[in-house]
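**Q** prediction below, plus the sequence it came from.
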Amino acid sequence: MAGNTIGEVFKVTTFGESHGLGLGCIIDGCPPGLEIDEAIIQVDLDRRKPGTSRFTTQRREADEVKILSGVFEGKTTGTSIGLVIENSDQRSKDYSDIKDKFRPGHADYTYHHKYGNRDYRGGGRSSARETAMRVAAGSFAKAWLKQKLGLEIFGYMSQLGPIAIETVDTSIIETNPFFCPDANAIEKWDEYMRDLKKQGNSVGAKITVVAKNVPVGLGEPVFDRLDADIAKALMGINAVKGVEIGDGFEVVAQKGSEHRDELTPEGFKSNHAGGILGGISSGQDIIAHIALKPTSSINVEGETIDVNGQSQTLVTKGRHDPCVGIRAVPIAEAMLAITLMDHFLRNRAQNADVVVDTPVIPASK
């Protein structure tokens with residue numbers, strides 16, 4: 001199966017299935033000397049893992065990561081880094097009734113036609129469980145970017161179903177199960193999700209992810225534009241159906257005099273572009289938004305077909321997230337970190353000696 005690797009210099013390859021023995025990844029290109037250990041990686045994995053609240057799947061996985069190679073005495077060695085997480089709470093029998101049916105809205109039908117042989121247990125390779133390794137790899141990128149550049153990445157849920165946030169208080173993001181930055185929205189979301197669970201249904205969400213203290217100059221001018229690679233990385237997350245950089249689709253209604261981010265000696269006056277101009281980072285905060293669809297694994301009966309093309313009805317059993325966006329924040333952070341790490345190392349390789357007299361102006365406030 002192709003398409004399991006992301007990055008050019010900082011390269012991450014993942015493997016494993018939802019109901020297999022475990023998940024793993026190989027990281028190539030990580031510079032030596034990064035201070036990191038399993039406890040640091042575990043922090044982000046614990047933020048993503050299932051069973052953390054009543055609004056996520058109740059599959060119980062410890063998601064304990066093991067470093068197999070590439071780290072010695074608490075520091076990266078510059079060699080290939082091997083990571084593995086063992087699966088421990090699979091209930092494959094939950095899927096035996098649908099092994100010959102295609103779950104609508106899932107990858108069952110497309111995997112069947114592409115490969116002719118698919119792992120129907122929890123979606124196999126197409127399961128969101130695969131993203132645990134992206135989070136683990138992203139911890140290396142986040143740690144290096146912060147230690148070497150002071151670059152920080154954080155995300156939050158900005159909309160759950162029809163209810164959007166009105167304010168952003170980053171200090172409360174990690175204090176609630178929704179990664180919500182608006183204290184007034186938390187109770188509204190809680191009530192909405194309780195009603196949704198009673199219906200046996202699901203809902204979509206919007207996640208915002210931000211990178212602060214980004215250097216000027218990351219990204220290539222044409223095919224490997226930074227915003228294009230960020231969009232690809234974020235769109236590659238399970239259930240994501242839309243990506244916006246900066247103001248995104250709001251630019252349709254803006255005039256040029258409104259949208260352009262004017263420059264002054266004191267700094268940028270705005271950041272409608274989301275920190276990227278011409279595919280290259282401007283030094284402003286990089287801001288991206290992703291839209292995640294509602295999961296189709298619900299207790300509401302729907303129509304489908306079986307492998308013989310015959311009409312069937314289906315109710316998906318098992319343990320599923322009524323809103324996959326709740327656990328998507330650390331995944332989005334990881335994918336943004338991996339992309340920025342890769343582009344920083346690529347830029348360093350080509351342009352490390354570039355020096356200009358023009359000062360770097362501050363980001364907008």
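**A** Looks like it arrived, so ask away.
**Q** sketch out the low-pLDDT regions of the stretch 251-365 of the chain for me.
**A** 317-320 (pLDDT under 70).
**Q** and the helices in it?
**A** 256-259, 329-351 (DSSP state H, counting those that start in this stretch).
**Q** likewise the stretch 101-250 of the chain?
**A** Ranges of helices within the stretch 101-250 of the chain are 108-115, 131-149, 183-199, 226-235, based on DSSP H, counting those that start in this stretch.
**Q** is it possible to get TSV of the ones you listed that adds mean pLDDT?
**A** Listed next are the helices of the stretch 101-250 of the chain as TSV, based on pLDDT from 0 to 100:
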stretch	mean pLDDT
helix 108-115	91
helix 131-149	97
helix 183-199	94
helix 226-235	98
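**Q** follow-up on the earlier one: which stretch among the helices of the stretch 251-365 of the chain comes nearest Ser69?
**A** Ranking those by proximity to Ser69 (Cβ to Cβ) places helix 329-351 first, at 18.9 Å. Any C-beta I mention is one placed from the backbone N, CA and C, and that applies to glycine too.
**Q** before we move on, the earlier item: ok, which of the helices of the stretch 251-365 of the chain comes nearest Ala143?
**A** For the helices of the stretch 251-365 of the chain, distance to Ala143 was read as Cβ to Cβ. The smallest value, 8.9 Å, belongs to helix 329-351.
**Q** quick one: the closest one to chain centroid distance?
**A** From the chain centre to the centre of helix 329-351 is a distance of 13 Å (Cα atoms, centre = their mean, to the nearest Å).
**Q** on that earlier part again, for the helices of the stretch 101-250 of the chain, which one ends up most surrounded?
**A** Each of the helices of the stretch 101-250 of the chain was scored by mean neighbour count; the highest is helix 131-149, a mean of 24, by mean count of other Cβ atoms under 10 Å.
**Q** next one: it to chain centre, how far?
**A** The answer for helix 131-149 is 12 Å, by Cα atoms, centre = their mean.
**Q** got it, and stretch 186-193?
**A** 23 Å.
**Q** show me what it is in contact with.
**A** With contact meaning Cβ atoms under 8 Å, 6 or more residues apart in numbering, stretch 186-193 is reached by Phe55, Leu160, Gly161, Ile163, Asn176, Phe178, Cys180, Val203, Pro322, Cys323.
**Q** give me the number of residues near the closest residue to Leu23 other than its chain neighbours?
**A** Take Leu23 and drop its neighbours on the chain: the residue closest to it by Cβ to Cβ, 6 or more residues apart in numbering is Gly16, 3.5 Å away. Gly16 has 23 neighbours, counted by other Cβ atoms under 10 Å.
**Q** can you read off the pLDDT for Gly16?
**A** The per-residue pLDDT reported for Gly16 equals 92.
**Q** residue boundaries of the strands in the stretch 1-150 of the chain?
**A** 5-6, 11-16, 22-28, 65-69, 71-72, 75-76, 81-86 (DSSP state E, counting those that start in this stretch).
**Q** ok, the first one: who's next to it in the sheet?
**A** Yep, that's strand 5-6 we're talking about. Strand 5-6 has the following strand partners under DSSP bridges: strand 11-16 (antiparallel).
**Q** tell me, how many residues neighbour the nearest residue to Met235 once chain neighbours are set aside?
**A** With sequence-adjacent residues excluded and distances taken as Cβ to Cβ, 6+ apart, Met235 is closest to Val243, at 5.2 Å. Using other Cβ under 10 Å, Val243 has 20 other residues around it.
**Q** if we can go back for a sec, got the helices of the stretch 251-365 of the chain as CSV, with mean neighbour count and distance to Glu191 columns?
**A** Formatted as CSV, the helices of the stretch 251-365 of the chain follow (neighbours: other Cβ atoms under 10 Å; distance: least, Cβ to Cβ, whole Å):
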stretch, mean neighbour count, distance to Glu191
helix 256-259, 10, 36
helix 329-351, 23, 21
